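Chemist: my questions concern the predicted model and sequence given below.
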Amino acid sequence: MLQQNILEQLKQFIDTVSSGHSNPQILTKPALIKVALGFLDELPATRDIVFDYFGILAEIGVQLYISPEMKDQKTGMPVSQLKQGGNRQQQLRAEEYESFSMVKNSLQNLVWKGPPAWCPLIANWSLELVAKLSDKYTQRRMTIAASCNYWLECNAMHALLTLINSCFRKLSNTEAESCVETMLNAFHRYPMTFDWIVARLGGCFPYKIIMQIIQCGMRRFVDNFRCHLDSEAGILDYMTSCHEPQLQAAFKEILKDGLAPKKPLDVAIVPFLLITTNYSDAILQSLVNVFVEQYTDELIDAIVQKAPLWMSNKMFMDMQPSLNNAVLRLQQHGAKLLLMVSKMSDRYIWCQDFLDTSMQELEQYVLNMRNFPLLSDLACEETKYMLWQSCLSTNIIEQQTATRLLLVVSSQHPHIYYQSISQLIRKSYAQYPSSIGALMRLLGGQRGMLNLPSITKGIKMTLEEITLQEQVSNRLPVEPGTDTEAYNTFYNLNMLVKMQKKTILPHMKPQLLLQSLNECMAKIIQILDCTIQKLVLRMDKDASERSAEKFREQQANNNNKNIHDLYNGESDIKRRKLDADSTNEERDLKRMELAHLIVELLNNIEAGTRLNVLRTPLVLKLAVLSVKYFFVGLTERSIIGRGLRPVLPINDRSCDAEKQALYLKALYACCADLEKPKNIEGYSLVSLTLVELVSTDVMYNGLPFPDEEFTRVTMERDMQIRRAFITSPVLWAVLGLIATHRPALCYSSVLLRALCATCLHHWRGKNVNKFQPTDANDELMLCTKKLLQLLTISQLIPPPLSNLHTIIEHFEPPEIAVVLRECIWNYLKDHVPSPALFHVDSNGLHWRNTSQAKVPAQYVDTLRHLMQRKLNKLGPHYHQMFIMTELHVRQPAIAIQPATVTGLPEMTAATAAKGIEIVELD
């Protein structure tokens, strides 16, 4: 009876389904659905009929989903979301729309709790059904993501995919392979409408699906290289979002065959992968990640060897434009890829073409204010440090590529531009000078780029970091002999400023660097202040330690202690102290070099001139630093903090008095004129030649003495002239010979000016160590006395100044400095050493009668007051120089004619001998 009832139900079910195709309301009744579900349990043989009925229900749901009457006219939302707010017709049809949900729940329960044989059956049926429905009711071509979003809103399609997913989880390996094959067969039959299903379900078997899709696409590519791979690329792109490791693993596996082809199909692997990257940025990124990970020289060689095989594919020959554009689509490893190509550009011409095209297109994007994925890669921290490292490369192409990439990213991220300037300007380019080209190009900026940041903020950032390094004492240790970042910074700035002045920087706007440095003047002065202050503090500390050490020695002597035993007991302490002193001396020398570079930079940028006016606080600060810098500079090449340098040793090359006399006689013979014995043209020529040989500069070689402040400009030249007289004492003898033939010495005014200026400045600095006595045989004292003697012999200074060389050694260093400035320098400044001061007497001799005119008081009052303080020593000299001179001036003027000199060779030889005695260094 039960069997008969079931058969009657089956007959009635078949009749209802057969007659109800035109009436979906009958087919979607819950009672009929329950009867069909009961047949699966009681009559398994009817499963084909039942599954056909279930397919009809799913199709009804899809038809209702795409039906215009079941959508809101305003929002376009499907009926499933309008059950409460739709009209009555929509609410009635909503039950039909959701009728397949009952089928899905029952089949899913059967999959999880029923016999295992149901899983492959339901999976294959669901795959076939969803493929047919998708192909039949897809109205327009959509992307995979859009197709997934569209069809998953459909209740029936969503239920079918849920069933397939549940079945895949219960399948064995063999059954899974069968289902994957079924899915791929459906993809082959419906490639344009089934791709979204493969992409959606591919997550169940990601690696298998990816490999099968790649193989499928390759076969199509080999058959027709101009085929469209939208479906294959779309599936791979969709799966990349969640299964990128599996995609990269598939790329690694397939590239092994592509780089070592064994089958004809393997030759098409690399062209196929490159063509596929044109369809998806995600596929391109995954392929580049694999390439960067496996990059070796052997890989490059393999690519070069196999490239001729790939060129046989016509599509591959036309893909260079797409490859150039590819690097702009990378969000990772784009910069690294460009730098790899730049390193190979010296070996392969195509690398240069690729770089030029890619960089031009990249810069064009920036000029047009377009955004691109590569920009995010350039802005990350890892890429930034990599580009900075490449800017220091000796490979010019790599260096230029890195610089251009930094300029590109700086248009959108100004802070990277400032950081790049700070990083590159603090590097040392002593070993590879060509590497500074990256810094020059970076400062010049990108032509045509309107929003490129200013270099001023980058230089300010650099100076801020240098200031912190100089101010903080516990900074990171530096290897001995290594230049500090502060030294490198100012050395590079000096070099760049000099190059810009010589217009060697074609990429930089004129005066751009000078203007930026003048805007940073406060920071530069602050660094100079910090540097000099450390030197001064170090000198004070050393002076205090020496004073304390002398005090301890004196105390030990007073207590009758054995100093020898005391020193032996402290030998280890002294040894450590010597080591520390050596380290401190090296550090102080580095600081002094830094101070020199900063001062040189201030001179190069013309700080404080009419074009670069400084504010009053900076002017005052700079004035104070100038004094400190000059003070510290006195001890530059000595041990910092231990006073002035010791007296230079005697020059072993100096010739004796006999050789000097022979030399002077030969010089006299060359200058003598037998027809005109009083002619001095020869000696004037010797004087001019001496200036040409000794003076190192062609400027400021005139006769006048300038203001004493101007000697700062010619200080370096004056020191070199002074050193020439120290190393070659015979110059003093030559000047002595010239001085006896007035006014020839006037033409050597630049030498006299240099000697006077250096003596003046050295006497000023002589009081650095107040405990250092003035020695009569000191080189500075001898130089001063010889200079005064020359001025006296040549009648360039009048009485009583002409007697100054006899008493100069009785004054203190500050007093000597005052006398040289107020008496000698100021007199020669106002009375230019010129031949016009001399007149020719009846005998043809040049003569200057200074005894008839009283010397103005401003030139002698200083000397008078100083001598009055030392009348106990200088009383006779004071009487002769001032009292007798004034009495002689008050007498009536008497024509004084100089004695006629006969026997000129004898007189000259005697004078020369006297000059040799005066100027010879002991």
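Modeler: Here it is on my side, so go on. The shown structure was predicted, so the numbers you read here are calculated from the model rather than taken from an experiment.
Chemist: now the helices: where do they sit in the stretch 351-500 of the chain?
Modeler: For the stretch 351-500 of the chain, the helices defined by DSSP state H, counting those that start in this stretch cover 374-378, 381-391, 396-410, 414-425, 436-444, 455-471, 485-501.
Chemist: actually the stretch 601-750 of the chain, not the one I wrote
Modeler: Applying DSSP H, counting those that start in this stretch to the stretch 601-750 of the chain gives helices spanning 616-633, 657-671, 681-694, 715-727, 730-739, 749-764.
Chemist: by contact count, what packs against the fifth one?
Modeler: If I follow you right, that is helix 730-739. Contact analysis of helix 730-739 by 3 or more Cβ pairs under 8 Å, 6 or more residues apart in numbering; DSSP states H and E lists helix 657-671, helix 681-694, helix 715-727, helix 779-793, helix 904-919 as its packing neighbours. Placement of C-beta: from N, CA and C, glycine included.
Chemist: hmm, try it at 10 Å
Modeler: helix 657-671, helix 681-694, helix 715-727, helix 749-764, helix 779-793, helix 904-919 (3 or more Cβ pairs under 10 Å, 6 or more residues apart in numbering; DSSP states H and E).
Chemist: rank those by mean pLDDT and give me the bottom one.
Modeler: With a mean of 37, helix 904-919 has the lowest mean pLDDT of the helices and strands packed on helix 730-739.
Chemist: now do residue 794 against residue 740, distance only.
Modeler: 8 Å (Cβ to Cβ, to the nearest Å).
Chemist: who has more neighbours, these two?
Modeler: More neighbours surround residue 794 than the other of residue 794 and residue 740, with 24 against 19 (other Cβ atoms under 10 Å).
Chemist: hang on, that one packs against residue 787?
Modeler: No. With contact defined as Cβ atoms under 10 Å, residue 794 does not reach residue 787; the gap is 11.1 Å.
Chemist: tell me, what's touching these two both at once?
Modeler: Counting by Cβ atoms under 10 Å, 6 or more residues apart in numbering, the common neighbours of residue 794 and residue 787 are 735, 752.
Chemist: re earlier: can you put the helices of the stretch 601-750 of the chain in TSV and add distance to residue 390 and mean neighbour count?
Modeler: TSV is the format used below for the helices of the stretch 601-750 of the chain (distance: least, Cβ to Cβ, whole Å; neighbours: other Cβ atoms under 10 Å):
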stretch	distance to residue 390	mean neighbour count
helix 616-633	39	15
helix 657-671	63	15
helix 681-694	51	17
helix 715-727	40	17
helix 730-739	56	24
helix 749-764	50	23
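Chemist: how about these in CSV, adding distance to residue 165?
Modeler: Shown next, in CSV, are the helices of the stretch 601-750 of the chain (distance: least, Cβ to Cβ, whole Å):
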stretch, distance to residue 165
helix 616-633, 76
helix 657-671, 112
helix 681-694, 99
helix 715-727, 87
helix 730-739, 104
helix 749-764, 94
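Chemist: quick one: contacts for the residue nearest to residue 764 when sequence neighbours are not counted?
Modeler: Among residues not flanking residue 764 along the chain, residue 817 sits closest, at 4.6 Å (Cβ to Cβ, 6 or more residues apart in numbering). Residue 817 sits next to 759, 760, 761, 762, 763, 764, 765, 766, 767, 811 when contact means Cβ under 10 Å, 6+ apart.
Chemist: again, only using 8 Å
Modeler: Contacts for residue 817 (Cβ atoms under 8 Å, 6 or more residues apart in numbering) come out as 760, 763, 764, 766.
Chemist: quick check: the gap between it and residue 735.
Modeler: From residue 817 to residue 735 the distance is 23 Å (Cβ to Cβ).
Chemist: thinking again about what came up before, for the helices and strands packed on helix 730-739, which one sits closest to residue 252?
Modeler: Closest to residue 252 of those is helix 715-727 (Cβ to Cβ; 67.2 Å).
Chemist: run the angle between the longest helix seen in the chain and helix 485-501 for me.
Modeler: When the chain is parsed with DSSP state H, its longest helix is helix 521-558. In terms of direction (axes from the mean of the first three to the mean of the last three Cα atoms, to 10 degrees), helix 521-558 departs from helix 485-501 by 140 degrees.
Chemist: packing partners of helix 521-558?
Modeler: helix 455-471, helix 563-569, helix 571-604, helix 616-633.
Chemist: those helices: lowest mean pLDDT?
Modeler: Across the helices and strands packed on helix 521-558, the lowest-scoring stretch is helix 563-569, with a mean of 45.
Chemist: list phi and psi for residue 330.
Modeler: phi -90, psi 130 (degrees, to the nearest 10).
Chemist: contacting residues for it?
Modeler: Listed by Cβ under 8 Å, 6+ apart, the contact set of residue 330 reads 281, 284, 285, 288, 337, 373, 374, 377.
Chemist: run a quick neighbour tally on residue 512.
Modeler: Residue 512 is flanked by 17 other residues according to other Cβ under 10 Å.
Chemist: what sits against it?
Modeler: Contacts of residue 512 (Cβ under 8 Å, 6+ apart): 443, 455, 500.
Chemist: against residue 779, how distant is residue 754?
Modeler: Counting by Cβ to Cβ, the separation of residue 754 from residue 779 is 16 Å.
Chemist: just give the nearest non-adjacent residue to residue 233, would you?
Modeler: Using Cβ to Cβ, 6+ apart, the closest residue to residue 233 is residue 279 (3.4 Å).
Chemist: the helices in the stretch 751-900 of the chain, which residues?
Modeler: Using DSSP H, counting those that start in this stretch, helices in the stretch 751-900 of the chain cover 779-793, 813-819, 826-830, 861-868, 871-878, 884-890.
Chemist: still on that earlier bit, can you say which of the helices of the stretch 351-500 of the chain is nearest to residue 240?
Modeler: Nearest to residue 240, of these and by Cβ to Cβ, is helix 374-378 at 17.4 Å.
Chemist: so what touches that closest one?
Modeler: 327-335, 362, 383-384, 387, 405, 408-409, 412.
Chemist: just the buried ones among the residues you listed, please.
Modeler: Among those, those scoring as buried are 327-335, 362, 383-384, 387, 405, 408-409 (criterion: 16 or more other Cβ atoms under 10 Å).
Chemist: in this structure residue 420 contacts residue 410, no?
Modeler: Yes. Counting by Cβ atoms under 8 Å, residue 420 does reach residue 410; the two are 7.2 Å apart.
Chemist: out of those two, which sits in the busier spot?
Modeler: residue 410 (27 against 24).
Chemist: which residues sit in contact with the more buried one?
Modeler: Residue 410 makes contacts with 416, 417, 420, 452, 453, as judged by Cβ under 8 Å, 6+ apart.
Chemist: circling back: let's have the contacts of residue 817 in a markdown table, adding distance to residue 678.
Modeler: A markdown table is the format used below for these (distance: Cβ to Cβ, whole Å):
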| residue | distance to residue 678 |
| --- | --- |
| 760 | 35 |
| 763 | 39 |
| 764 | 42 |
| 766 | 43 |
